[in-house]
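S.K.: Next input, structure requested:
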Amino acid sequence: MERRVVITGMGAVSPLGNSLDDTWAGIRSGKNGIGRITKLDLSDLNVTMGAELKGFEYHDRKEGRRMDPFTQYGVTAAGEALRMSGLESGGNIDPDRLAVYSGSGIGGIRTLENEFRKGEERGLGRVSPVLVPMIIGNMLAGNIAIVFNAQGSAMHIVTACSCGTNAIGEAWRAIRHGYVDAAIAGAAEAPFATTCFAGFANMTAMSVRTDPDRCSTPFDRERDGFVMGEGAAMVIMEDLGRAEARGARIYGEVVGYGTTCDAFHITQPAPGGAGAAKAMRMALDSAGLAPSDISYINAHGTGTPYNDLYETQAIKTVFGDAAYRTPISSTKSMTGHMLGAAGALEAVICLKAMGDGVIPPTINIRVPDDELDLDYVPDRAREAALGYVMSNSFGFGGHNATLVFKKYE
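M.R.: Sure, this is the predicted structure:
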């Protein structure tokens, strides 16, 4: 018998704030988390804007020295989510039945770059002996498991900008089919390393504008690329029966998940968003829903010419006439594109939106595009009763992932 899976805790660190409450307050108010980059010397590049964390400090300085920033972000978000949930490994859950499903597209690239430079300048004997466990992506899952005593499966997923959504979706499957009873799931990213940033800039994937209100402009005709962001988000997922038995507060239910691959191109999405449409259909089918049941879509919405066009076309393919009646927004207009962490944060945003009855806005839309003619909730949040919401994530390599959440009654 398939089990129902609910969310009992959430945590986030983002360009809008170093907590869930601060992040959500920024989203609701349409706050722009983008500004001139302070962490890197970008004098040789034409890209200067980013969405950085502000004032973040890891709570344990000694422990933090053995973690790349992406792991620090993820462990911090997981801790907030666990506190919110009241779930305690070894207390009210068997550690063997608590899993971790994490994601990061880039992993510990900042540490790798710093240690490579140290080896070049000061000799290989000065390279950190903990370089390897700081840079490999699975150490996000490993460190969360160690810190919070999760002794079930600890899996790390690398599907570029889809991995946060995939991590939550795979955790849903594991709990639904009884492999574990609960999971810490989400993703983290700390991509502000000079080489990484230069690679994206030289690919011409990022906006070259210098006005923070005109560089992340999803669904605007003048969109010219994404803005890099960083941060993490985590959720606590549980079997409904055990969550109710322990009296946990429930913030929403995961009811649908779809994941596909375009098998088309390493960076460009398939024309018309064919793979994205399949993922959305799969998520709806697994939830037993019709497109008209969806109250809101949190779009991948990167602000790149291809993504916004093809995602819009994919929504029209799946939703038909209902596409024009379904509010859609890209919260990347406020947070920038947090790469692997984006889908995890957007899942949290969807859950908060359902709980508060608020549709987040897409800020920075000024110039309409005739080909992008859906309701993108421009400028201001909108009050609305949200029964089911959908969240889309797409990544390099043709990865597509979609989640559907239900408001818990």
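
S.K.: How much space separates residue 250 from residue 35?
M.R.: Here residue 250 is placed at a distance of 36 Å from residue 35 (Cβ to Cβ, to the nearest Å). Every residue, glycine included, has its C-beta placed from N, CA and C.

S.K.: tally of neighbours for residue 86?
M.R.: 16 (other Cβ atoms under 10 Å).

S.K.: That one touches residue 248, doesn't it?
M.R.: Yes - with contact defined as Cβ atoms under 8 Å, residue 86 and residue 248 form a contacting pair (6.2 Å).

S.K.: Now do the shared contacts for these two.
M.R.: Applying Cβ atoms under 8 Å, 6 or more residues apart in numbering, one finds that residue 86 and residue 248 are jointly contacted by residue 8.

S.K.: what ranges do the strands span in the stretch 151-300 of the chain?
M.R.: 154-157, 182-189, 231-239, 252-261, 296-298 (DSSP state E, counting those that start in this stretch).

S.K.: ranking those by burial, who's on top?
M.R.: strand 182-189 (a mean of 35; mean count of other Cβ atoms under 10 Å).

S.K.: Okay, helices next: where are they in the stretch 151-300 of the chain?
M.R.: Ranges of helices within the stretch 151-300 of the chain are 163-176, 194-202, 240-245, 274-287, based on DSSP state H, counting those that start in this stretch.

S.K.: For the second one, which helices and strands make contact with it?
M.R.: Pointing back at helix 194-202 there. Judged by 3 or more Cβ pairs under 8 Å, 6 or more residues apart in numbering; DSSP states H and E, the packing partners of helix 194-202 are helix 109-122.

S.K.: I'd like the mean pLDDT over the helix it packs on, please.
M.R.: Averaged over helix 109-122, pLDDT sits at 96.

S.K.: buried ones in that helix?
M.R.: Within helix 109-122, the residues scored as buried using 16 or more other Cβ atoms under 10 Å are 109, 110, 111, 112, 114, 115.

S.K.: Throw the strands of the stretch 151-300 of the chain into TSV and include mean pLDDT, thanks.
M.R.: TSV is the format used below for the strands of the stretch 151-300 of the chain (pLDDT from 0 to 100):
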stretch	mean pLDDT
strand 154-157	98
strand 182-189	98
strand 231-239	98
strand 252-261	98
strand 296-298	98
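
S.K.: Could you point out which of these sits nearest residue 395?
M.R.: For these, the distance to residue 395 is smallest for strand 252-261, at 9.7 Å, taking Cβ to Cβ.

S.K.: Just checking: what are the partner strands of that closest one?
M.R.: Using DSSP bridges, strand 252-261 pairs in its sheet with strand 5-13 (antiparallel), strand 399-406 (antiparallel).

S.K.: CA atoms only for that strand, dumped as CSV, please.
M.R.: What follows is strand 252-261, C-alpha atoms only, in CSV (Å, rounded to 0.1, in the frame of the first residue of the first chain):
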residue,chain,number,x,y,z
GLY,A,252,1.6,20.4,3.0
GLU,A,253,1.6,17.1,1.2
VAL,A,254,3.7,15.9,-1.8
VAL,A,255,1.3,14.2,-4.2
GLY,A,256,3.0,14.2,-7.5
TYR,A,257,6.5,13.9,-9.1
GLY,A,258,7.7,13.5,-12.6
THR,A,259,11.3,13.4,-14.0
THR,A,260,12.5,13.0,-17.6
CYS,A,261,15.5,13.8,-19.8
